[in-house]
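1. Have a look; sequence and predicted model below, questions after that.
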Amino acid sequence: MMKMRTLVTMLAMLVLLAIGLSYILIAVVQIDPFSRPMRVTVNAARSGGLLDHSQVTYRGFPVGRVSAIELRPGGVQITVNVDEGTRIPVDTDVVVANLSAAGEQYLDFRPRTDRGPFLTDGAVVDQRDTRTPLPFSQVVSNVSRLAGQVDTAKVSVVVDELSRAFNGTAPDIQRVLDGGDFLLAGLESVLPQTVNTLRNGRIVLGTVSDLRGDLIQFSHDGRDLTATLKDADPKIRELLNDSPDTLKLISDVVEKDGPSVGALLGDLATTSHVAAMRLPAISQFLPGLDKFGPLVAAVVKDGKVQFLADLYPRPTCDYGTPRRPPTIGGSPPPRIYRYCTQTGPRLQQRGSTNVPRPHGDDTAGPPPGADPEQRAQGPVDSGDN
């Protein structure tokens, strides 16, 4: 029984040891014996401080380890093992970066796109797609070269001037800092209102941006208005100069005839109401006045009404000439291409156009392209319309 118990205890210890070693290998050392990593070769100009087993990341996320670094003509060849299932686009940059100022270099894949094609087992990244940090020796050399270019005398002058400028200003600077602290504390107390103001301001500015075209048109119209006002400046000044006398006259009329003006306005209101009720009839009547005006002008002259009566109607010939009112004097030259448009035995038409012609002769009418409004040569009376 003792031997059996000892054997069971040793087996249990061996199982615990195996579990512990597996945990250390997989979780701590990150060695998974069951995984099949993807092998990718990166050609770089230099290692940049990378070591075997340095970490490999995809945009900062750990995805593998560096397995080997070997020399090659013109640079180094870095072999990395990427975790199985990791999809890294072929269009990518490979950067040797530092976790901190102390070093701890790692290799980071930074794709330029999220779309494929993706790297596969055995893929090679060209040197033009890699970036490595400057060597520390080169940084020290550049800093030393920069420091050697500094003129110590001028630096001394700058330091002395700064010392003189800020000498004795500590209380003032302290007050400025205290005032800034007080201002920031006040702004913090009204932070919600400030945020609300900024949001409302964004809405206002957005509205102004949407009305940009209307505002530009308004500015152009305003410019035209001001130009018109500038041109009308003499008339405006004359109006303003005459306004006091006109307003005084209106004031005197209102003061003397106030009740009568009130009654007149009341009657006008009644008249306007009646006219508004009969607006359709008025709108039909007013266009007729346009025809009535020339008729009145034709029979009224020099303040007298003139009539023309023909007791014995005779046949007349219409030449298509526009009629003129009899009140307009003068005898303008006649139109030379007007012909009688009527026919009949009682008219007895005369003129060359009515002379008998041979068959096929069409010269009785006006020549081709003649203007029917053309007049005979001679002065035209100013009264002719």
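-> Perfect, I can see it now. Since we're looking at a predicted model, the values are computed, not measured.
2. Tell me where the chain has helices.
-> For the chain, applying DSSP state H gives helices covering 2-23, 136-148, 152-166, 170-189, 191-210, 212-231, 233-256, 258-277, 279-299.
3. Give me the contacts around the fifth one.
-> With C-beta atoms under 8 Å, 6 or more residues apart in numbering as the contact definition, helix 191-210 has outside contacts at 187, 215. C-beta here means a position set from N, CA and C on the backbone, and glycine is covered the same way.
4. from here on, count from 37
-> With 37 as the first residue, the last one maps to helix 227-246.
5. Okay, angle between it and helix 206-225 too, please.
-> 80 degrees (axes from the mean of the first three to the mean of the last three C-alpha atoms, to 10 degrees).
6. ok, now the longest one?
-> Comparing the axes of helix 269-292 and helix 206-225 via the same axes, to 10 degrees yields an angle of 60 degrees.
7. buried ones in helix 269-292?
-> Across helix 269-292, burial judged by 16 or more other C-beta atoms under 10 Å covers no residue at all.
8. could you give the angle of it to helix 294-313?
-> 110 degrees.
9. Check which helices and strands the top strand by length along the chain is in contact with.
-> The longest strand of the chain (DSSP state E) is strand 97-108. If you count contacts as 3 or more C-beta pairs under 8 Å, 6 or more residues apart in numbering; DSSP states H and E, strand 97-108 packs onto strand 74-80, strand 91-94, strand 111-118.
10. Kindly reformat the ones you listed as a markdown table and extend each row with mean neighbour count and mean pLDDT.
-> Shown next, in a markdown table, are those (neighbours: other C-beta atoms under 10 Å; pLDDT from 0 to 100):
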| stretch | mean neighbour count | mean pLDDT |
| --- | --- | --- |
| strand 74-80 | 21 | 90 |
| strand 91-94 | 20 | 90 |
| strand 111-118 | 20 | 90 |
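11. for the ones you listed, which one sits closest to residue 411?
-> Closest approach to residue 411 among the helices and strands packed on strand 97-108 is made by strand 91-94 (99.6 Å; C-beta to C-beta).
12. for that closest one, packing partners?
-> strand 97-108, strand 111-118, strand 139-147.
13. about what we covered before: residues of the longest strand of the chain that come out buried?
-> 99, 100, 101, 102, 103, 105.
14. Dump these to JSON lines, plus distance to residue 318 and pLDDT.
-> Shown next, in JSON lines, are those (distance: C-beta to C-beta, whole Å; pLDDT from 0 to 100):
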{"residue": "99", "distance to residue 318": "92", "pLDDT": "89"}
{"residue": "100", "distance to residue 318": "97", "pLDDT": "88"}
{"residue": "101", "distance to residue 318": "101", "pLDDT": "88"}
{"residue": "102", "distance to residue 318": "101", "pLDDT": "90"}
{"residue": "103", "distance to residue 318": "104", "pLDDT": "89"}
{"residue": "105", "distance to residue 318": "105", "pLDDT": "90"}
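15. Those into CSV, with extra columns for distance to residue 205?
-> Formatted as CSV, the buried residues of strand 97-108 follow (distance: C-beta to C-beta, whole Å):
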residue, distance to residue 205
99, 56
100, 58
101, 57
102, 56
103, 61
105, 57
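16. I'd like to know which of the residues you listed is nearest to residue 84.
-> Distances from residue 84 to those, taken by C-beta to C-beta, are shortest for residue 105, at 10.2 Å.
17. roughly how far is the longest strand of the chain from the heart of the chain?
-> 52 Å (C-alpha atoms, centre = their mean, to the nearest Å).
18. List of residues touching that strand?
-> Contacting residues not belonging to strand 97-108 are listed as 66, 73-75, 79, 83, 86-93, 112-119, 122, 124, 143, 145 [C-beta under 8 Å, 6+ apart].
19. Partner strands of that strand and their direction?
-> According to DSSP bridges, strand 97-108 forms sheet pairs with strand 91-94 (antiparallel), strand 111-118 (antiparallel).
20. Output the below-cut-off pLDDT ranges for the stretch 287-421 of the chain.
-> Under the criterion pLDDT under 70, the flagged ranges of the stretch 287-421 of the chain are 293-294, 321-350, 361-365, 380-385, 387, 414-421.
21. quick one, phi psi at residue 408?
-> phi -70, psi -20 (degrees, to the nearest 10).
22. Can you tell me the closest non-neighbouring residue to it?
-> Excluding its sequence neighbours, the residue lying closest to residue 408 (C-beta to C-beta, 6 or more residues apart in numbering) is residue 373, at 5.1 Å.
23. from what I can see the one you found touches residue 402, true?
-> Yes - counting by C-beta atoms under 8 Å, residue 373 touches residue 402, with 4.2 Å between them.
24. So for those two, which residues contact both of them?
-> With C-beta under 8 Å, 6+ apart, residue 373 and residue 402 have common neighbours residue 408.
25. what's the burial count for residue 132?
-> 21 (other C-beta atoms under 10 Å).
26. Can you check the pLDDT for it?
-> The model reports residue 132 with a pLDDT of 89.
27. Now for it: which residues touch it?
-> 80, 83-86, 141-144, 166-169.
28. now it, which residues is it bridged with?
-> residue 143.
29. How is the chain partitioned into domains?
-> The chain breaks down by automatic domain parsing into domains covering 37-70, 71-171.
30. Reformat the ones you listed into a markdown table and put distance to residue 270 next to each item.
-> Formatted as a markdown table, the domains of the chain follow (distance: least, C-beta to C-beta, whole Å):
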| stretch | distance to residue 270 |
| --- | --- |
| domain 37-70 | 95 |
| domain 71-171 | 72 |
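31. any idea which of these scores lowest on pLDDT?
-> Looking at the domains of the chain, the bottom one is domain 37-70 with a mean of 76.
32. want to throw the helices of the chain into TSV with distance to residue 157?
-> Shown next, in TSV, are these (distance: least, C-beta to C-beta, whole Å):
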stretch	distance to residue 157
helix 38-59	26
helix 172-184	35
helix 188-202	58
helix 206-225	57
helix 227-246	53
helix 248-267	58
helix 269-292	89
helix 294-313	95
helix 315-335	94
